[in-house]
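**Student:** Below: sequence and its predicted model.
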Amino acid sequence: MSRISIIAVSGKLPRWAVQACEEYLRRLPRGWAAELVEVKAETRSSGRSAVSMMAREAKRIDERLPAGARLVALDERGSDLTTVQLGGRISHWRADGAPIAFLIGGADGLHAELKSRCDFRMRISSFTLPHALARVILTEQLYRAACLATGHPYHRE
C-alpha cells in the first residue's frame, strides 16, 4: 500500500485545525496510512523576495519528500475535482505502490520549480482559504476518498 504524506509549509496552527486534521487521519480505514509533515515557513520580515522565500521553503519540502513519491501540489490554478474524482485518482495512484505526497505551500504558495515537478495540481476551492482550513479540508477529503475506496457507501450517489 502506498503511504500518503501531506507536506505543509506552516507556522503554528490553531488548536481546532490540529484537532480536526488528527481526527480525520485517525479515522482512515485499515490499510490506509497518512502522515502530516510540517516544514518551517520563511519569516515574512526577512527582507527576502517572495520567490526567494518560496525557493527556501521548496528546499525544505524536498528534504522531507518520500523517495519516488507521486507529487500533488495544492495550487489555486490547479484542477477542480469532485470528491468521487479525487477518490478515484488516489485509488489509481495507490495501485502503483509509490508514495503520494500532497504539497501545501506557505503564504506565497509553492515555488514554480517545485510545482513543475508535480504529477498533478489540484485546488480545493476557488476561494482564498486560510492555511489551517485548507489543511483540514484536504485531510477530510482524504478520509472520504479512503472510505469510497473501501466500499463505504457515499451519501451523494
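**Tutor:** It's in. Numbering: from 1, shown residues only.
**Student:** any idea how far residue 61 lies from residue 101?
**Tutor:** 9 Å (C-beta to C-beta, to the nearest Å). All C-beta atoms are positioned from the backbone trio N, CA, C, and that covers glycine.
**Student:** anything in contact with each of those two?
**Tutor:** residue 7 (C-beta atoms under 8 Å, 6 or more residues apart in numbering).
**Student:** Helices of this protein, start to end?
**Tutor:** Here the chain has its helices, by DSSP state H, at 15-26, 50-64, 83-95, 112-116, 131-149.
**Student:** Select, out of the ones you listed, the one closest to residue 106.
**Tutor:** Proximity to residue 106 (C-beta to C-beta) singles out helix 50-64 among those, at 5.1 Å.
**Student:** ok, and what's touching that closest one?
**Tutor:** Contacts for helix 50-64 (C-beta under 8 Å, 6+ apart): 5, 7, 9, 37, 39-42, 44, 46, 48, 103, 105-106, 108-114.
**Student:** residues contacting the spatially most central residue of the chain?
**Tutor:** What sits nearest the mean C-alpha location of the chain, by C-alpha atoms, centre = their mean, is residue 102, with 3.2 Å. Going by C-beta under 8 Å, 6+ apart, residue 102 touches 4, 5, 6, 7, 72, 74, 138, 142.
**Student:** what do you get if the cut-off is 7 Å, keeping everything else the same?
**Tutor:** 6, 72, 74, 138 (C-beta atoms under 7 Å, 6 or more residues apart in numbering).
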